[in-house]
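Q: Kindly return the folded structure for what I paste below:
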Amino acid sequence: MVESFQVRVQHQAFDAGAEIAALSGNPACGAVVSFSGLVRDYGDSQQVVALELQHYPGMTEKALQAIVAQARQRWALQAVTLIHRIGYLALGEPIVLVVVASSHRSDAFAAAEYLMDYLKQDAPFWKKEISADGSARWVDAKHSDALAAGRWV
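A: Sure thing, here's the model as predicted:
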């Protein structure tokens, strides 16, 4: 396996197992860590049945690539796959996948957390929660996300 650092923003679902397997074939890697985020039934409002995610094409990918580049400067990484979905996503569907391969588990775990913390803080996505009654509301930036990203400073 050659070094692979990829970012994808897409409508279609991803196969987390296949993405993990793709980064697991390098004999220099002692660790592959992954995180998959799913649409849950609550958020800022209760009884969420779906999310609608929008982004700014080109800008979003560039922001995600910058976050991956920052992680590469902090930790010895062999590969990263970062996938974020957009569009209408129903309850239980996957939203985001972060897969990090490294020689050591500590680098892989730390980099995966870092990527998620900064993705939540800095990536230009807009999320709308759709409730069971059909109402919808845009989700504001969260102070907790800023705090999570701030721990890496």
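
Q: could you point out the longest helix in this protein?
A: Taking DSSP state H as the criterion, the chain has its longest helix at helix 105-122.

Q: Run a quick neighbour tally on the nearest residue to Ala22 once chain neighbours are set aside.
A: Once flanking residues are discounted, Ala22 sits nearest to Thr81: 7.2 Å by C-beta to C-beta, 6 or more residues apart in numbering. Every residue, glycine included, has its C-beta placed from N, CA and C. Thr81: 22 surrounding residues under other C-beta atoms under 10 Å.

Q: What is the helix or strand where Thr81 lies packed up against?
A: Applying DSSP states H and E as the criterion places Thr81 in strand 77-85. With contacts defined as 3 or more C-beta pairs under 8 Å, 6 or more residues apart in numbering; DSSP states H and E, strand 77-85 has these neighbours: strand 4-10, helix 16-22, strand 48-55, helix 59-74, strand 94-102, helix 105-122.

Q: do you know which of these lies nearest Asp133?
A: Of all the helices and strands packed on strand 77-85, strand 48-55 sits nearest to Asp133, with 9.3 Å by C-beta to C-beta.

Q: tell me what that closest one is packed against?
A: Contact analysis of strand 48-55 by 3+ C-beta pairs under 8 Å, 6+ apart lists strand 77-85, strand 87-90, strand 125-131 as its packing neighbours.

Q: how much does it deviate in direction from strand 4-10?
A: Angle of strand 48-55 versus strand 4-10, following axes from the mean of the first three to the mean of the last three C-alpha atoms, to 10 degrees, is 120 degrees.

Q: Neighbouring strands of strand 48-55 in the sheet, and parallel or not?
A: Sheet pairing of strand 48-55 (DSSP bridges) gives strand 87-90 (antiparallel), strand 125-131 (antiparallel).

Q: Of these, which stretch is the most buried?
A: strand 125-131 (a mean of 18; mean count of other C-beta atoms under 10 Å).

Q: The helix or strand following it: how far from the chain's middle?
A: Next helix or strand after strand 125-131 toward the C-terminus (DSSP H and E): strand 136-138. Its chain's average C-alpha position is 21 Å from that of strand 136-138, according to C-alpha atoms, centre = their mean, to the nearest Å.
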